[in-house]
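Student: fold the stuff below for me.
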Amino acid sequence: MRPLRILLWHVHGSWTGSFVAGPHHYLLPVLPGGGPWGRGRCGRDWPATAHEVPAAELAGTDVDVVVLQRPEEAALAEGWLGRRPGVDVPAVYVEHNAPPEHAVRSRHPVAGWPGVPLVHVTHFNELMWDCGDAPTTTVPHGIADPGPLWTGELDRAVALINEPVRRGRVTGSDLLPRFGAAVPVDLFGIGTDGVTAADLGRPAEADVRGLGDVAQSGLHPRMARRRLYLHTARWTSLGLSLLEAMALGMPVVAPATTEAAVAVPPAAGVVGTSVRDLVEGARRLATDRGRAAAAGAAARAHVLEHFGLARFLHRWDAVLDAVVAGRAVPPVEPARTATEFPAEPARTTAEPPAGPEPTAAGSRPA
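Tutor: As a prediction, this is how the structure comes out:
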C-alpha cells in the first residue's frame, strides 16, 4: 500500500497519537486562533509525517482521503478543499463515542451521507448506534506499549477522569467516595485540582484527592506506583487511559458497562455491576500485593494481544485502502480469539433413541 496523504483534525490526542504512528502523511489543519477546528499538533511529540497545514493552503494541497470525526468537519473540509468528502474525495467517519442519549433512538448523523463509511472504536458503540444503511466496521483502539512500569508500592487506587464534578453520573466519578471509604483514591485529569470526596458524593469524608492534569510522560510513572486502577465510567466509550493502565501492568476494577465489560478479562481484576462487590474487590487488591501483581500481569498480556499499536495500524491500513479504492470497508473482526470462547461440550457419536413419527401440523396422534 502506498503512503497516503490523510486530512484529519486533532480531536482526541491519545487516539490521534496512535493513528499518526502509521506509514502515511497526516495533514492537521491549523487556524490562526487554534481552537477545536485548527489546533494542529498542539505541541505533541508526534512523527515528522504529522504535518501542520494552514487551513487557507488546503485548497492547493493533495489529499487522498479525509478522516472525519465530527459532523461539522464535512462542511469545513468542503470549504477548505473545494471538494465534498465522500463525493469528490474519499472519506471515512470515525465515531469515538457511545450514543449521547437513548441508544434505541440515537440515529447517527452519518447514516444519510453518501459515500462515507462509518468506523466505530468499540463493538459496543457499533451495536448501540443506529447507523441506517451506512457501511460500518469497527477498528478497536491501539496503544503504544509504555512498558511494564507497575510497582504498586503505594496501597492506593488511581483514576483518570476529566471534569469529574461536571460529568459525575456519566463518568461514574460520584462512585469514587464509596471506593475512597475502603481504599484511598488519587484522581488525575482536567478539572481535578483540589477535588475531594465532598465535591463528588458520599461519604464526604472518604479519602479522595484530586491531583490535577499531568502530561502523559509524567503520568504513567505516577500511575504505576499505585496498587490498582479504577475505571468507573457508566456510559462512555472505552477510555484509552484504561488500556494504558492495563499495559503498565496495573490490575483493574471496573463496572461491567459499555465496552469495559469485554475489554477487561476476569483475570485482570474485578468487573461487575454490584458496587459493593467492586469496592470489596478494590479493597482486596489494595491489601494483597501478590494478587494485584498477578491480575496486573494478566491485564498487560491481554492489552498487548488485543490492543497493540501494530494491530491497530494494520486494521486502519485495510480500511483506508478500501475507502481510497472505492471498495467496501473490511468486515468487523471478532472481539475474541478462538481460544477465548467457551469450550464446546463433547459430542457423542451414538444415535439418539428413535421417537414417534412427527404428525402433520394441526393433527393429533391417534
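Student: and residue 87, that's in a helix?
Tutor: No - looking at residue 87 with DSSP: H, G, I helix; E, B strand; the rest coil, it is coil, so not inside a helix.
Student: neighbours around it, how many?
Tutor: The local packing count at residue 87 equals 13, with neighbours defined by other CB atoms under 10 Å. For the C-beta atoms, the positions are set from N, CA and C on the backbone; glycine is no exception.
Student: for the one 5 residues further on, same thing?
Tutor: Counted with other CB under 10 Å, the neighbours of residue 92 add up to 29.
Student: show the subsequent helix or strand relative to the host helix or strand of it.
Tutor: Counting by DSSP states H and E, the secondary-structure element that holds residue 92 is strand 91-95. Towards the C-terminus, the helix or strand next in line after strand 91-95, according to DSSP H and E, is strand 118-120.
Student: so which residue is dead centre in the chain?
Tutor: residue 238 (3.3 Å; CA atoms, centre = their mean).
Student: phi first, then psi, for it.
Tutor: phi -70, psi 120 (degrees, to the nearest 10).
Student: quick one, what contacts it?
Tutor: Residues in contact with residue 238 (CB atoms under 8 Å, 6 or more residues apart in numbering) are 121, 122, 124, 140, 141, 258, 259, 260, 263.
Student: most neighbours among the residues you listed, which one?
Tutor: That'd be residue 263 among the contacts of residue 238, by other CB under 10 Å, with 27 neighbours.
Student: ok, that residue to residue 254 distance?
Tutor: As judged by CB to CB, to the nearest Å, residue 263 and residue 254 stand 9 Å apart.
Student: any chance you could map the strands in the chain?
Tutor: 5-8, 25-30, 50-54, 65-68, 91-95, 118-120, 136-138, 154-160, 185-188, 208-210, 226-230, 252-255, 269-272 (DSSP state E).
Student: just those: most buried one?
Tutor: Using mean count of other CB atoms under 10 Å, the stretch among the strands of the chain with the greatest mean number of neighbours is strand 226-230 (a mean of 29).
Student: report the angle between it and strand 154-160.
Tutor: Following axes from the mean of the first three to the mean of the last three CA atoms, to 10 degrees, one obtains 30 degrees for the angle between strand 226-230 and strand 154-160.
Student: can you list residues touching both of residue 263 and residue 254?
Tutor: Shared contacts of residue 263 and residue 254, counting by CB under 8 Å, 6+ apart, come down to residue 242.
Student: the least confident helix or strand in the chain by mean pLDDT: which residues count as buried?
Tutor: For the chain, the helix or strand with the lowest mean confidence is helix 168-171, at a mean of 91 (criterion: mean pLDDT, DSSP states H and E). Along helix 168-171, these residues count as buried under the neighbour rule (16 or more other CB atoms under 10 Å): 168, 170, 171.
Student: for residue 236, see how far away the second one is.
Tutor: Which is residue 170. In this structure, residue 170 lies at 6 Å from residue 236, with CB to CB as the measure.
Student: now residue 294
Tutor: With the distance defined as CB to CB, residue 294 ends up 28 Å from residue 236.
Student: who has more neighbours, the two?
Tutor: Relative neighbour count places residue 236 above the other of residue 294 and residue 236, with 20 against 14, counting by other CB under 10 Å.
Student: where's the more buried one relative to residue 41, distance?
Tutor: Counting by CB to CB, the separation of residue 236 from residue 41 is 25 Å.
Student: same question, residue 23
Tutor: Using CB to CB, residue 23 is found at 18 Å from residue 41.
Student: number of residues surrounding residue 115?
Tutor: Here the neighbour count serves as a burial measure; for residue 115 (other CB under 10 Å) it reads 17.
Student: isn't it right up against residue 87?
Tutor: Yes - under the criterion of CB atoms under 8 Å, residue 115 lies in contact with residue 87, with a separation of 5.8 Å.
Student: show me what counts as buried in stretch 206-215.
Tutor: Buried residues in stretch 206-215, counted by 16+ other CB under 10 Å: 206, 207, 208, 210, 211, 214.
Student: centre of the chain to that stretch, how far?
Tutor: Distance of stretch 206-215 from the chain centroid (CA atoms, centre = their mean, to the nearest Å) equals 22 Å.
Student: and residue 269, what does it touch?
Tutor: If a contact means CB under 8 Å, 6+ apart, then residue 269 has 228, 229, 251, 252, 253, 254, 281, 285, 295, 299 as its contacts.
Student: which strand residues bridge it?
Tutor: Partner residues in beta bridges with residue 269: residue 252, with DSSP bridges as the criterion.
Student: how close does it get to residue 124?
Tutor: From residue 269 over to residue 124 the distance is 19 Å, taken as CB to CB.
Student: what does residue 170 give?
Tutor: Separation of residue 170 from residue 124 (CB to CB): 15 Å.
Student: contacting residues around the nearest residue to residue 254 once chain neighbours are set aside?
Tutor: What sits nearest to residue 254 in space, not counting adjacent residues and going by CB to CB, 6 or more residues apart in numbering, is residue 231, at 4.0 Å. With CB under 8 Å, 6+ apart as the criterion, the residues that contact residue 231 are 159, 239, 241, 242, 245, 252, 253, 254, 255, 260, 264.
Student: tell me, what's the model's pLDDT at residue 231?
Tutor: Predicted confidence (pLDDT) for residue 231: 98.
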